[in-house]
Each structure stands twice: as structure tokens, then as C-alpha cells.
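A.B. asks: Quick one, structure for this:
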Amino acid sequence: MDKDKHLYLKLFISTFYLSAFTFGGGYVIVPLMKKKFVEDLKWIEEKEMLDLIAIGQSSPGAIAVNTSILIGYRMGGLKGAFVTISGTVLPPLIIITIVSMFYSVFRDNRIVNAVLKGMQAGVAVIIFDVVSTMAITILKSKKIFMILLMMLAFLAAYIFKVNVAIVIIIAMIIGVIRK
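C.D. replies: Numbers count the residues shown, from 1 in each chain. All right, here's what the predicted structure looks like:
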């Protein structure tokens, strides 16, 4: 198998596997993408991955899909982006199709409901890991403005209950103005 086909196959299998066996949405799959592509495969540097995640998060759409597109494009151009988006969206599409066929059985099953409740705790831990890792990275950078912006965003969203979308838009505008 030539080098390009091997790359595309590895991209597809990696994103397909992550998407198929990750429960909890984009904020759960993105740190696993970081682990896979930065730590395991060593294809992307950590700072670049954090930049890709930030771009994926600030773009319209699902963060997991956006980030996988960016990773695919970074590694294999347009074909790579197509491969990674396919690997990311196929598992949920297949799972949703199967679940929709048996919806009434799943809806009323106490065991399924208990398992889903238990998984919420795991999702919370993974989200905490992502947030703390990004916060530590910002604090280590010792960029006072970024630290203040992070703290203001937290205060606005958590204390003053400002809609997170508004906080993100304001942070994007500030980032564009500062460049």
C-alpha cells in the first residue's frame, strides 16, 4: 500500500474508532483526538493541536466534526479532510439509525437509563480535563491579557449567566482586534 493510502486509511480508522467509542459529544472526543494525533501518532505538535481545537470550537457546527476536518486537512489536504469527516460522522449516523429502529425499547429500559446516567459522570470528568489542560496552558504562557480574558469569560458565563455563545463571539472579536 502506498504512503498516501496508508495515511488516509489511518486517518479514517482513527477518527472512526474515536467517534464510534466516544460517548458525550465533541468536548469528549476532542481530547481523545489530541491524545491520538499528538501523543500516540505524533503527527501534530500540542500547540498546533490546541490551535486546531480553538478554530474548530469557534467555527459554526459540531466541534468534533470541525476539528476532524482541520486535522484531516492538515495531514492530507482536501482528501484528508473528506476522510476524517467521513470517519467522524459515520459512527453516529449508524448508531442513530439503529437506535431509532429500537427507540421504544431503549426509552423504557431501566438498565439503559442507568447506564446513560453513569456515563454522564465520565463525560463530566473528561470535560474537566479539557478545560483544566487549556487553562494550565494559558497560565503557563504568562500572557496577562489571555489570563484576564479567560477569567472574564468564566465570570461572564458562570457568575453572570451570560450565554456562552455571546462570550465566544466577544472573545473572537477581541482576538481579531488584538492581532
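
A.B. asks: hey, let's count contacts and neighbours off CA atoms from now on
C.D. replies: Will do.

A.B. asks: Any idea which residue is closest to the centre of the chain?
C.D. replies: residue 30 (2.8 Å; CA atoms, centre = their mean).

A.B. asks: Would you mind listing the residues in contact with that residue?
C.D. replies: 53, 63-64, 67 (CA atoms under 8 Å, 6 or more residues apart in numbering).

A.B. asks: same thing with residue 12?
C.D. replies: Residue 12 neighbours (CA under 8 Å, 6+ apart): 83-84, 86-87.

A.B. asks: Give me the mean pLDDT for the helix or strand hosting residue 154.
C.D. replies: Per DSSP states H and E, residue 154 falls inside helix 144-154. Helix 144-154 shows a mean pLDDT of 87.

A.B. asks: try stretch 170-179
C.D. replies: 81.

A.B. asks: what does that stretch rub up against?
C.D. replies: By CA under 8 Å, 6+ apart, stretch 170-179 touches 58, 149, 153.

A.B. asks: which of these tops the neighbour count?
C.D. replies: By neighbour count, taken as other CA atoms under 10 Å, the most surrounded of the contacts of stretch 170-179 turns out to be residue 153 (20 neighbours).

A.B. asks: Can you tell me the SS state at the residue lying closest to that residue once chain neighbours are set aside?
C.D. replies: Counting by CA to CA, 6 or more residues apart in numbering, residue 167 is the residue found nearest to residue 153 once chain neighbours are left out, at 6.2 Å. Secondary structure assignment for residue 167 (DSSP: H, G, I helix; E, B strand; the rest coil): helix.

A.B. asks: tell me the contacts of residue 167?
C.D. replies: 153, 156-157.

A.B. asks: Distance from the lowest-mean-pLDDT helix or strand in the chain to the middle of the chain?
C.D. replies: Least confident helix or strand, the chain: helix 103-107 with a mean of 73, by mean pLDDT, DSSP states H and E. The chain centre lies 28 Å from the centre of helix 103-107; the measure is CA atoms, centre = their mean, to the nearest Å.
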